[in-house]
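**Student:** quick one, what's the 3D model for this:
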Amino acid sequence: MQSYIFLDLDDTLFQTIRKCGLGADDPQLQVRAYLPDGTPNSFATYKQQWLWHWLEKGFKIVPVTGRDGFAFDRVTLPFQEEIVLNHGAVILDKDRNIDRVWMAKIMQELPKYHELLLELWSEIEAYCLCNKGYKVRLVNDFDVTWYGVIKHVEGTEAPLELILKGIIKKHPYILNGSLYWHLNGNNLAVLPKIINKESAVSYLINNYKKQHPALVTFGAGDSNTDAPFMGLCDYALIPKNTQLYQSLALA
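**Tutor:** The predicted model follows:
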């Protein structure tokens with residue numbers, strides 16, 4: 001039986017020092033990712049370190065992350081399998097080359113959503129110019145603009161909820177399902193509906209089934225947007241006290 005785990009990274013396998021509850025120099029922590037200037041900014045707790053060592057003994061590990069290629073390159077873990085980047089927009093093969101079949105499928109559909117994203121994004125930028133503290137950017141990776149991200153200097157969800165309710169939720173392209181939003185902590189993303197982790201993981205699972213007649217799959221993630229791809233798997237792992245954990249606890 002061949003076992004695969006599709007593994008979200010941030011807030012599942014590591015997190016910022018603020019969320020660790022320990023100092024950056026605490027011997028219980030290990031650095032797992034760096035900022036562009038080389039500053040450590042993501043750390044694994046003792047339990048997360050144990051989880052990684054356990055997984056690498058018996059699983060083929062496929063990271064499924066919202067990180068772009070540059071941010072993923074700053075993660076220190078030695079992944080050996082395919083990689084899902086940009087919330088599912090890009091898949092890299094084991095040699096770190098773009099999966100051409102998947103990319104062709106995405107690029108065939110993306111242009112019609114790109115115009116819709118830019119139209120909504122212009123309204124978001126106008127709002128943020130009139131309200132201090134917001135940081136907005138369109139994520140461009142592999143020479144393609146995929147989606148937009150909004151953060152706030154306060155580092156909390158509260159100011160992001162304001163722009164979410166005031167602009168994003170009531171926008172026609174959100175209401176008709178062409179675009180969707182995701183909020184978790186100080187990170188609000190607006191994405192075309194064709195970019196999602198679930199579709200990318202489904203594509204990989206179908207490929208793996210052709211290679212391995214006996215296949216068991218696990219999914220691990222912390223966010224509500226991880227739930228759909230985890231639902232494709234035979235088993236699911238959810239870190240305690242995360243967004244997805246809280247959502248299930250309240251259900």
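
**Student:** and N207, its phi and psi?
**Tutor:** In terms of degrees, to the nearest 10, the main-chain angles of N207 are phi -70, psi -40.

**Student:** what about it, neighbour count?
**Tutor:** 15 (other CB atoms under 10 Å). Where you see a C-beta, it was placed from the backbone N, CA and C, and this is true even at glycine.

**Student:** likewise T156?
**Tutor:** Neighbours of T156 (other CB under 10 Å): 11.

**Student:** likewise K240?
**Tutor:** 9.

**Student:** just the one 3 residues further on next, same as before
**Tutor:** Using other CB under 10 Å, the number of residues around Q243 comes to 21.

**Student:** any idea where the strands of the chain begin and end?
**Tutor:** Using DSSP state E, the strands of the chain run over 2-7, 30-34, 40-44, 60-63, 83-85, 90-92, 134-141, 144-152, 179-183, 188-192, 215-220, 235-237.

**Student:** D93 reaches Q80, doesn't it?
**Tutor:** No - judged on CB atoms under 8 Å, D93 makes no contact with Q80 at a distance of 11.3 Å.

**Student:** the more surrounded of these two?
**Tutor:** Using other CB under 10 Å as the criterion, D93 and Q80 rank with D93 on top: 13 against 10.

**Student:** what are the neighbouring residues in contact with I205?
**Tutor:** Listed by CB atoms under 8 Å, 6 or more residues apart in numbering, the contact partners of I205 are Y4, L215, T217, L232, C233.

**Student:** swap the cut-off to 10 Å and go again
**Tutor:** Applying CB atoms under 10 Å, 6 or more residues apart in numbering to I205 gives the contacts Y4, F6, V62, L215, T217, F229, L232, C233.

**Student:** how far away is the second one from L116?
**Tutor:** In this structure, F6 and L116 are 28 Å apart, going by CB to CB, to the nearest Å.

**Student:** those two: who's more crowded?
**Tutor:** F6 (29 against 18).

**Student:** and that one, what does it touch?
**Tutor:** F6 neighbours (CB under 10 Å, 6+ apart): 59-64, 81-82, 84, 197, 200-201, 204-205, 217-221, 226, 229-230, 232-233, 236.

**Student:** where does it land on pLDDT?
**Tutor:** F6 carries a pLDDT value of 98.

**Student:** same question for I17.
**Tutor:** 86.

**Student:** what's the local residue count around it?
**Tutor:** Counted with other CB under 10 Å, residues neighbouring I17 total 17.

**Student:** do I have it right that it meets D26?
**Tutor:** Yes - contact status for I17 versus D26: in contact at 9.2 Å, counting by CB atoms under 10 Å.

**Student:** shared neighbours of the two, which are they?
**Tutor:** Common neighbours of I17 and D26 (CB under 10 Å, 6+ apart) are F43.

**Student:** in stretch 61-71, what's buried?
**Tutor:** Residues of stretch 61-71 classed as buried: I61, V62, P63, V64, T65, G66, R67, D68, A71 (neighbour count, 16 or more other CB atoms under 10 Å).

**Student:** now do the first one, the pLDDT please.
**Tutor:** As predicted, I61 sits at a pLDDT of 98.

**Student:** that one is in contact with V84, isn't it?
**Tutor:** No - using CB under 10 Å, I61 makes no contact with V84, being 11.6 Å away.

**Student:** residues shared between the contacts of those two?
**Tutor:** Going by CB under 10 Å, 6+ apart, residues that sit against I61 and also against V84 are F6, L7.

**Student:** before we move on, the earlier item: mind putting the strands of the chain in JSON lines, distance to W102 included?
**Tutor:** JSON lines is the format used below for the strands of the chain (distance: least, CB to CB, whole Å):
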{"stretch": "strand 2-7", "distance to W102": "15"}
{"stretch": "strand 30-34", "distance to W102": "25"}
{"stretch": "strand 40-44", "distance to W102": "27"}
{"stretch": "strand 60-63", "distance to W102": "13"}
{"stretch": "strand 83-85", "distance to W102": "9"}
{"stretch": "strand 90-92", "distance to W102": "5"}
{"stretch": "strand 134-141", "distance to W102": "14"}
{"stretch": "strand 144-152", "distance to W102": "13"}
{"stretch": "strand 179-183", "distance to W102": "20"}
{"stretch": "strand 188-192", "distance to W102": "15"}
{"stretch": "strand 215-220", "distance to W102": "18"}
{"stretch": "strand 235-237", "distance to W102": "23"}
